[in-house]
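1. I need the structure of the sequence given here:
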Amino acid sequence: MIDNTCVVYTNGSQECERVCALLEHMGSKYHEYQLNKHFTQRAFEAEFGEGAEYPQVAIGAKHIGSLKEALHYMDEKGMFL
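-> I've put the predicted structure just below:
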C-alpha cells in the first residue's frame with residue numbers, strides 16, 4: 001500500500017483507467033482530476049509541458065510522470081510487494 005495520497009490527471013484513456021485500477025487494487029487513496037472537468041488541455045500543458053502524456057501521476061508531493069514512469073517508480077520503491 002502506498003502511504004501517500006496519489007493524484008492522477010486523466011483524459012479517460014485506457015492508460016488512465018489502468019493506473020487508477022492499480023492504485024485501487026493497492027489500497028491507495030487517490031484523487032482523479034479529469035480533462036475538461038477539473039482542468040483544460042492548456043492548463044495541463046502549462047503544468048506538465050507540451051507533449052506530456054496522460055495520465056500524469058503524483059505520489060504525495062512528488063510528481064512522478066506518465067504511466068510508464070509511475071510504474072518504474074513504484075517498482076523501484078518496492079510498492080508491488
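2. what stretches of the protein score poorly on pLDDT?
-> Residue ranges of the chain with pLDDT under 70: 1-3, 81.
3. Show me where it has its strands.
-> In the chain, the strands defined using DSSP state E lie at 6-10, 30-34, 56-59, 62-65.
4. quick one, the longest helix anywhere in the chain and strand 6-10 angle?
-> Determined from DSSP state H, the single longest helix within the chain is helix 14-25. Counting by axes from the mean of the first three to the mean of the last three C-alpha atoms, to 10 degrees, helix 14-25 points 160 degrees away from the direction of strand 6-10.
5. Which strands and helices lie in contact with helix 14-25?
-> Secondary-structure packing of helix 14-25 (3 or more C-beta pairs under 8 Å, 6 or more residues apart in numbering; DSSP states H and E): strand 6-10, strand 30-34, helix 67-76. Backbone N, C-alpha and C define where each C-beta goes, glycine included.
6. Most tightly packed of the strands of the chain?
-> Highest mean neighbour count of these: strand 56-59, a mean of 22 (counted as mean count of other C-beta atoms under 10 Å).
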